[in-house]
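1. This is the structure alone, sequence omitted:
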């Protein structure tokens, strides 16, 4: 009868793709195979002789597994128990583990051994199946009301024709365009979810520390070149653009600066108009983003000062008001300001578009603004 020698069995276990770990009665690792090394990224030298707690995210989780073996009604054997290992990079890896208490020839417990399988791929397939079901439901439940909203927006736009001044008409059209942009974003999110489900690519991103969420953010529009591995390469049209951000609220300054630096702009900041003007006199700036209501001078006064000293410099005005409270925008438009928008926080996509337009315009172009 065919039999397997001890060394052959040892090589077989060592080459297994499963995670195989043995410990003594004190929880010290005595065996650690190559499958464990490939999954958890610790070398055998880093683990053998160390506490098995190194491989778990918490003492409680390790204790739960050992307790399941001790309380087993099948001679210390467990099967199909789900737990979590932690890799060398502190990534939590869900696994399903089967194991057994080890006895010597006299029946004395000398340790235990566990055979664990990484179930991330299985979880991913489950997530994709769920995503597919959600995508179908969302497409039906969201697109119908969005169609109704879109149709009524068109009717509203028609009804505004001839009922408002030129300035008011520009403002209202910008508001309508913002609503359309939001509708398109919602539609793109639904399409993104459907794409995930169909292509089998379930992507996530950080949400909170230790937590992740589905990455449903719309992807950049076409115009990008594929990378060698098939991934898209994002274009950075604002790279190197020097932008000055002026707002008396430091949190607004910080958030806008972070947004622009993510676009690879060079960003300068100021919380007072006088500081901003001093920067402009000493640094070459390609565009200015300014608040409307500020100490020292309002947005109109600041705009006029900029226009007087740097007539070709694009200025972008922004305000938290949804109407031209002090006629600052209206007065600025009469002196050359264009495309006023009433919203803060500023729409990142719209801001990116306006900055790009201002960068591409010839020197004699008028100053533009997003408000």
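-> Structure's in. What do you need? Keep in mind it's a predicted model, so treat the numbers as computed, not measured.
2. alpha carbons only for contacts and neighbour counts from here, please
-> Fine.
3. So residue 106 belongs to a helix, correct?
-> No: applying DSSP: H, G, I helix; E, B strand; the rest coil, one finds residue 106 to be coil, outside a helix.
4. Which pLDDT value belongs to it?
-> What the model reports for residue 106 is a pLDDT of 88.
5. And the lowest mean pLDDT element among the helices and strands of the protein?
-> strand 225-226 (a mean of 42; mean pLDDT, DSSP states H and E).
6. Average pLDDT for the longest strand anywhere in the chain, rounded please.
-> The strand spanning the most residues in the chain, taking DSSP state E as the definition, is strand 92-103. Strand 92-103 shows a mean pLDDT of 92.
7. same check, this time on stretch 268-276
-> Stretch 268-276 comes out at a mean pLDDT of 93.
8. Could you do stretch 64-77 as well?
-> pLDDT averaged over stretch 64-77 gives 88.
9. List the buried residues of that stretch.
-> 65, 66, 68, 69, 70, 76, 77 (16 or more other C-alpha atoms under 10 Å).
10. Please confirm that the third one is located within a helix.
-> Yes: assignment of residue 68 by three-state DSSP places it within a helix.
11. residue contacts, the nearest residue to it once chain neighbours are set aside?
-> In space, and not counting its chain neighbours, residue 68 is closest to residue 78: 7.0 Å by C-alpha to C-alpha, 6 or more residues apart in numbering. Each residue near residue 78 by C-alpha atoms under 8 Å, 6 or more residues apart in numbering is listed here: 68, 69, 72, 97, 98, 99, 100.
12. Give me the distance from the helix or strand hosting residue 78 to the chain's centre.
-> For residue 78, the host element (DSSP states H and E) is strand 77-86. Distance of strand 77-86 from the chain centroid (C-alpha atoms, centre = their mean, to the nearest Å) equals 31 Å.
13. now that strand against strand 92-103, angle please.
-> 140 degrees (axes from the mean of the first three to the mean of the last three C-alpha atoms, to 10 degrees).
14. Pull out the buried residues from strand 77-86.
-> Buried residues in strand 77-86, counted by 16+ other C-alpha under 10 Å: 77, 78, 79, 83, 84, 85, 86.
15. returning to what we had before: separation between the residue nearest to residue 68 and residue 252?
-> Distance, residue 78 to residue 252, by C-alpha to C-alpha, to the nearest Å: 56 Å.
16. do the same with residue 152
-> Distance from residue 152 to residue 252, by C-alpha to C-alpha: 34 Å.
17. Same drill for those two, tell me which one is more crowded.
-> The neighbour comparison of residue 152 against residue 252 (other C-alpha atoms under 10 Å) goes to residue 252, with 18 against 12.
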